[in-house]
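Participant: sharing a model prediction with you, sequence too.
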Amino acid sequence: MCGPAICRESSEASFEILNQALTISSALTSAMTEPNPGSTDAELLAEPRLVVEPGVAARVSAVAGPVLEGMGYRLVRIRISGESGCTVQVMAERPDGSMQIEDCEAISRALSPVLDVADPVDRAYRLEISSPGIDRPLVRRSDFERYVGHLVKVEMAVAHEGRKRFRGTIGPVEGDRVHLHRDDVKAGETADVLLTMEDIAEARLVLTDELIAESMRRGKAQAREMRRNLGLEPPAAPHASISEKTTKNTKPTKKPAPAATKKPAPTNTKKHRLAAERARRGEIDPDEGD
């Protein structure tokens with residue numbers, strides 16, 4: 001064991017290294033990224049995660065979190081893998097849940113030198129920046145709110161009614177708890193449960209057709225927005241801003257039936273000819289003849 005003086009010096013040195021890392025991260029953030037004014041939701045960026053990694057991953061998280069937040073991203077998860085050498089996976093996203101290849105590259109360039117200074121991993125490793133993916137982990141309250149109605153697998157750190165594993169559809173979020181409608185119910189069990197989010201060890205979306213369709217819809221919308229921001233696509237026409245709900249609920253109007261046109265009465269019938277003949281004869285003077 002080290003003596004008190006040595007431990008204190010070691011602690012002070014670690015604190016100094018962390019300060020240097022945070023200073024470098026601030027400088028890199030200012031130099032390498034130019035976030036659009038108003039594009040970052042401060043509340044979403046500052047929202048804490050429900051799941052905190054242990055050990056080495058926790059040390060990486062302590063360094064990576066401030067760097068990502070300063071760049072306008074949210075840390076989703078840190079995973080340390082020992083397969084084929086050590087890999088440090090940093091999963092991140094924008095506040096709206098999007099993540100492009102360019103975002104991963106920017107984070108890698110900013111985070112790599114900061115990790116080199118802080119040195120939270122005591123061996124050689126490969127840094128990997130990734131998006132959460134479609135069947136993503138849910139690590140914040142806002143994640144559960146965003147994916148209400150989708151299927152999820154939940155593993156509890158603290159058992160709920162004697163169970164630690166649940167699978168079901170995400171329901172409304174109430175305070176620090178979330179409703180779950182189970183699809184793995186056995187006889188005598190309750191389908192609807194209310195789970196405390198702080199007691200969740202891991203929650204991950206289940207890949208379904210509905211989730212894929214939702215992801216594709218969001219991806220197309222984000223791609224259109226990006227093209228518009230780059231000036232590669234004209235802005236949407238005013239009439240295109242009609243909401244989907246309005247479009248669905250609008251009933252087609254029936255065209256008014258054309259007014260019936262009255263046909264003109266015939267003028268060359270037998271009745272008309274006899275009347276004309278009588279009129280002609282009435283004009284003849286019987287004393288003078290034709």
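Facilitator: That came in fine, so what should we check first? Model, not experiment: these values are computed from the prediction.
Participant: Ile80: what secondary structure?
Facilitator: Recorded secondary structure, Ile80: strand (DSSP: H, G, I helix; E, B strand; the rest coil).
Participant: and the gap between it and Met91?
Facilitator: Here the distance between Ile80 and Met91 works out to 12 Å (C-beta to C-beta, to the nearest Å). Where you see a C-beta, it was placed from the backbone N, CA and C, and this is true even at glycine.
Participant: neighbour count: those two, which is higher?
Facilitator: Met91 (20 against 16; other C-beta atoms under 10 Å).
Participant: state the distance from the more buried one to Ile129.
Facilitator: Noted for Met91: a distance of 8 Å to Ile129, by C-beta to C-beta.
Participant: also Val56?
Facilitator: From Val56 over to Ile129 the distance is 17 Å, taken as C-beta to C-beta.
Participant: neighbour count winner among these two?
Facilitator: Set side by side, Val56 and Ile129 show more neighbours around Ile129, with 24 against 17, by other C-beta under 10 Å.
Participant: now name the helix or strand holding the more buried one.
Facilitator: strand 126-130 (DSSP states H and E).
Participant: that strand pairs with which strands?
Facilitator: Strand 126-130 has the following strand partners under DSSP bridges: strand 87-93 (parallel).
Participant: any buried residues in the following helix or strand past the strand it pairs with, and which?
Facilitator: Sequence-wise, the next helix or strand beyond strand 87-93 is helix 101-118, with elements assigned using DSSP H and E. The neighbour-count check on helix 101-118 (16 or more other C-beta atoms under 10 Å) flags 103-104, 106-107, 110-111, 114-115, 118 as buried.
Participant: same deal with stretch 42-55?
Facilitator: Buried residues in stretch 42-55 (16+ other C-beta under 10 Å): 45, 47, 49-51, 53.
Participant: can you tell me what sits against it?
Facilitator: By C-beta atoms under 8 Å, 6 or more residues apart in numbering, the list of residues contacting stretch 42-55 from outside reads 58, 60-61, 69, 72, 74-80, 95, 137, 139-142, 197-198, 200-202.
Participant: can you measure across it, start residue to end residue?
Facilitator: When the termini of stretch 42-55 are compared using C-alpha to C-alpha, to the nearest Å, they are 28 Å apart.
Participant: now that stretch: mean pLDDT?
Facilitator: Per-region confidence: stretch 42-55 scores 90 on mean pLDDT.
Participant: kindly state the beta-bridge partners for Gly168.
Facilitator: In this structure, Gly168 has beta-bridge partners Val152, Arg182, where bridges are defined by DSSP bridges.
Participant: ok, it - contacts?
Facilitator: Contact analysis of Gly168 by C-beta under 8 Å, 6+ apart lists 151-152, 180-184, 191, 193.
Participant: relative to Thr190, how far out is it?
Facilitator: Gly168 sits 11 Å away from Thr190, taking C-beta to C-beta as the criterion.
Participant: mutual contacts of the two, please.
Facilitator: When C-beta under 8 Å, 6+ apart defines a contact, the residues bordering Gly168 and Thr190 alike are Arg182.
Participant: and the buried residues of stretch 42-55, which is closest to Glu174?
Facilitator: Distance to Glu174, by C-beta to C-beta, is smallest for Leu50 among those, at 15.1 Å.
Participant: kindly reformat the buried residues of helix 101-118 as JSON lines containing distance to Ala276 and pLDDT.
Facilitator: Conversion of these to JSON lines gives the following (distance: C-beta to C-beta, whole Å; pLDDT from 0 to 100):
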{"residue": "Asp103", "distance to Ala276": "94", "pLDDT": "96"}
{"residue": "Cys104", "distance to Ala276": "97", "pLDDT": "96"}
{"residue": "Ala106", "distance to Ala276": "98", "pLDDT": "97"}
{"residue": "Ile107", "distance to Ala276": "101", "pLDDT": "97"}
{"residue": "Ala110", "distance to Ala276": "104", "pLDDT": "97"}
{"residue": "Leu111", "distance to Ala276": "106", "pLDDT": "97"}
{"residue": "Val114", "distance to Ala276": "110", "pLDDT": "96"}
{"residue": "Leu115", "distance to Ala276": "112", "pLDDT": "96"}
{"residue": "Ala118", "distance to Ala276": "115", "pLDDT": "95"}
